[in-house]
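A.B. asks: this one's sequence-less:
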């Protein structure tokens, strides 16, 4: 239990099974219903939120005298990690430990993985070596080995593996899988079959991930015959995981072997767990990439009949599939269906439709979605980039600048500044066009967005010089804005100032 909460006299839920309870039907792997409200509050915290937002939500939950258990928080952590909300997941673990929870070996391994993904490999190393010896187990060593694999650091990964062998850690499926991942990520797929052979000789059980890595290694080496042979032999002894078939289908698409794509995806559909969402999404995407419109629509209808309600993620995957197929009519139809049924507005979905409308030159329709999203405070960075890049590609730089000026109003979830790439695109345009007035307007926009820097001033001065114009006030403006300029730029300033 969370001891700090207990000290406040707040009742916590009793400990439950480490695995989510089984619920009937396709949703049987969903977390317990009573856990969902708090998870929703955490999962919908905006990007760029102030530090401590996660802790504030949890503290507020406890002040409301609602039950909360360590197992529940760990379930949140795993789910958030699965859906790429790793910073939020790490904050949860920090909060849990800060309030007295005793992390076990598995928790430390999980936290190590999150530290690596959020703060980098150096932070992960520091966390690992700071652990008491009792927590330096095969689980945490394996987690660090996987961190090295994810960061593609072969030398340290292999050195750690040798340390594990020297410490007589019992070889396990997890360790071998992480070693295979290290070889695959660091461009050494040819070593994976030997690792697999060593596993077999040591009597270590190979799981689905092991076979996935083995098959992927052959695919990476362009040895599809061996990859297919692995699948054939595997099919004779055990059910093959659907991901192996979708991986093969992905590579058949790259080779243009669309007949084999259809066979592989049909097999994936046969063996997949219909209650899991990911395989449905893979089928939609891969059928779309193979140009099979009828199968995309069949899978979509099957998905809708399987699940009581389609998630935003499913709508997003379907819309992207229809964009790949360039099926605009169906795209518009599915988008309207989502608009009438969604419980939580998802700007990713709206952005797909905005881009589709702009591709068709339907600017008013795209703008209508943008205005509606702005009214709800839902626009994000991607929305700004879609519009600015569209107008840029159409040589409508004034319109692109207007969108940029509106960026702060569009992105309200966090302080927004344009990417360096986008800024450089504007700077290059105005400088090449010798458009002093346009460059001045752009720099004014950057100042309002609080990202006016020395590079922008340098481009501004070069534009003045190429246009044969001077401006004595620029030196004072640079000083007022607190911009430091290098000596070589000072020469430009002298020319622009007319000295």
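C.D. replies: Good, I have the coordinates. Because the structure is a prediction, the values reported are computed rather than measured. Numbering: from 1, shown residues only.
A.B. asks: all contacts plus neighbour counts: C-alpha atoms, from now on.
C.D. replies: Fine.
A.B. asks: Next up, identify which helix or strand the residue most central in space within the chain is on.
C.D. replies: With distances taken as C-alpha atoms, centre = their mean, residue 84 lies nearest the centre of the chain, 5.0 Å away. For residue 84, there is no host helix or strand (DSSP states H and E).
A.B. asks: quick one, what contacts the closest residue in space to residue 186 that isn't next to it in sequence?
C.D. replies: Closest residue to residue 186 apart from its sequence neighbours, by C-alpha to C-alpha, 6 or more residues apart in numbering: residue 152 at 5.2 Å. When contacts are counted by C-alpha atoms under 8 Å, 6 or more residues apart in numbering, residue 152 is found next to 182, 185-186.
A.B. asks: would you turn the residues you listed into JSON lines with distance to residue 172 and secondary structure?
C.D. replies: As requested, the contacts of residue 152 are exported to JSON lines (distance: C-alpha to C-alpha, whole Å; DSSP: H, G, I helix; E, B strand; the rest coil):
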{"residue": "182", "distance to residue 172": "16", "secondary structure": "helix"}
{"residue": "185", "distance to residue 172": "20", "secondary structure": "helix"}
{"residue": "186", "distance to residue 172": "21", "secondary structure": "coil"}
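A.B. asks: Which strands and helices lie in contact with the strand or helix carrying residue 92?
C.D. replies: Assigned by DSSP H and E, residue 92 belongs to helix 86-98. Using 3 or more C-alpha pairs under 8 Å, 6 or more residues apart in numbering; DSSP states H and E as the contact criterion, the elements in contact with helix 86-98 are helix 53-63, helix 70-82, helix 105-119.
A.B. asks: Tabulate those in CSV, adding columns for distance to residue 205 and mean neighbour count.
C.D. replies: Formatted as CSV, the helices and strands packed on helix 86-98 follow (distance: least, C-alpha to C-alpha, whole Å; neighbours: other C-alpha atoms under 10 Å):
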stretch, distance to residue 205, mean neighbour count
helix 53-63, 39, 16
helix 70-82, 25, 19
helix 105-119, 20, 20
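A.B. asks: and residue 164, which of the ones you listed is closest to it?
C.D. replies: helix 105-119 (15.3 Å; C-alpha to C-alpha).
A.B. asks: And for residue 92, the neighbour number?
C.D. replies: Using other C-alpha atoms under 10 Å, residue 92 has 22 neighbouring residues.
A.B. asks: List of residues touching the helix holding residue 92?
C.D. replies: By C-alpha under 8 Å, 6+ apart, the residues outside helix 86-98 that reach it are 2, 42-43, 54-55, 70, 73-74, 76-78, 80-81, 103, 111, 114-115, 117-118.
A.B. asks: just to revisit the earlier point, tell me which of the helices and strands packed on helix 86-98 sits nearest to residue 226.
C.D. replies: Residue 226 lies closest to helix 70-82 among these, at 31.1 Å (C-alpha to C-alpha).
A.B. asks: chain center to that closest one, what's the gap?
C.D. replies: Relative to its chain's centre, helix 70-82 lies at 17 Å (C-alpha atoms, centre = their mean, to the nearest Å).
A.B. asks: Same check on stretch 50-67?
C.D. replies: Relative to its chain's centre, stretch 50-67 lies at 25 Å (C-alpha atoms, centre = their mean).
A.B. asks: cool, and stretch 36-46?
C.D. replies: Worked out by C-alpha atoms, centre = their mean, stretch 36-46 lies 17 Å from the chain centre.
A.B. asks: Buried residues, it. List them.
C.D. replies: Neighbour counts over stretch 36-46 (16 or more other C-alpha atoms under 10 Å) mark 38-39, 42-43 as buried.
A.B. asks: Same check on stretch 263-270?
C.D. replies: Neighbour counts over stretch 263-270 (16+ other C-alpha under 10 Å) mark 264-265, 267-269 as buried.
A.B. asks: how does the chain divide up, domain by domain?
C.D. replies: 347-416, 421-499 (automatic domain parsing).
A.B. asks: Mind putting the ones you listed into CSV with distance to residue 237?
C.D. replies: Shown next, in CSV, are the domains of the chain (distance: least, C-alpha to C-alpha, whole Å):
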stretch, distance to residue 237
domain 347-416, 42
domain 421-499, 52
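A.B. asks: I'd like those domains as a markdown table, with mean neighbour count and distance to residue 299 appended.
C.D. replies: Listed next are those as a markdown table, based on neighbours: other C-alpha atoms under 10 Å; distance: least, C-alpha to C-alpha, whole Å:
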| stretch | mean neighbour count | distance to residue 299 |
| --- | --- | --- |
| domain 347-416 | 18 | 19 |
| domain 421-499 | 16 | 38 |
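A.B. asks: helix, strand or coil for the residue nearest to residue 186?
C.D. replies: coil (DSSP: H, G, I helix; E, B strand; the rest coil).
A.B. asks: distance of it from residue 183?
C.D. replies: Residue 152 is 9 Å from residue 183, where distance means C-alpha to C-alpha, to the nearest Å.
A.B. asks: And residue 49, by the same measure?
C.D. replies: On the measure of C-alpha to C-alpha, residue 49 and residue 183 end up 37 Å apart.
A.B. asks: Have a look at those two and say which one is more surrounded.
C.D. replies: More neighbours surround residue 183 than the other of residue 49 and residue 183, with 24 against 13 (other C-alpha under 10 Å).
A.B. asks: show me what contacts that one?
C.D. replies: 149, 154, 189, 191-192.
A.B. asks: Now rank the residues you listed by neighbours and give me the top one.
C.D. replies: residue 192 (25 neighbours).
A.B. asks: which element follows the helix or strand where it lies toward the C-terminus?
C.D. replies: Element membership of residue 192 [criterion: DSSP H and E] is helix 192-202. Per DSSP H and E, the first helix or strand lying C-terminal to helix 192-202 is helix 208-220.
A.B. asks: Run through who's touching that next one.
C.D. replies: Identification of contacts with helix 208-220 by C-alpha under 8 Å, 6+ apart yields 173, 177, 180-181, 184, 189-190, 192-193, 196, 224, 226-227, 230-231, 240-241, 243-244, 247, 251.
A.B. asks: Mind checking which of those land in strands?
C.D. replies: Among the contacts of helix 208-220, no member is found in strands (DSSP state E).
A.B. asks: I'd like the distance from residue 451 to residue 410, if you could.
C.D. replies: Residue 451 is 17 Å from residue 410, by C-alpha to C-alpha.
A.B. asks: do residue 357 as well
C.D. replies: Between residue 357 and residue 410 the distance is 19 Å, computed by C-alpha to C-alpha.
A.B. asks: How about residue 295?
C.D. replies: For residue 295, the distance to residue 410 - C-alpha to C-alpha - is 37 Å.
A.B. asks: what does residue 268 give?
C.D. replies: 42 Å.
A.B. asks: now swap in residue 379 and tell me
C.D. replies: 5 Å.
A.B. asks: before we move on, back to that, between the buried residues of stretch 36-46, which is closest to residue 445?
C.D. replies: Distance to residue 445 across the buried residues of stretch 36-46 (C-alpha to C-alpha) is lowest for residue 43, with 33.1 Å.
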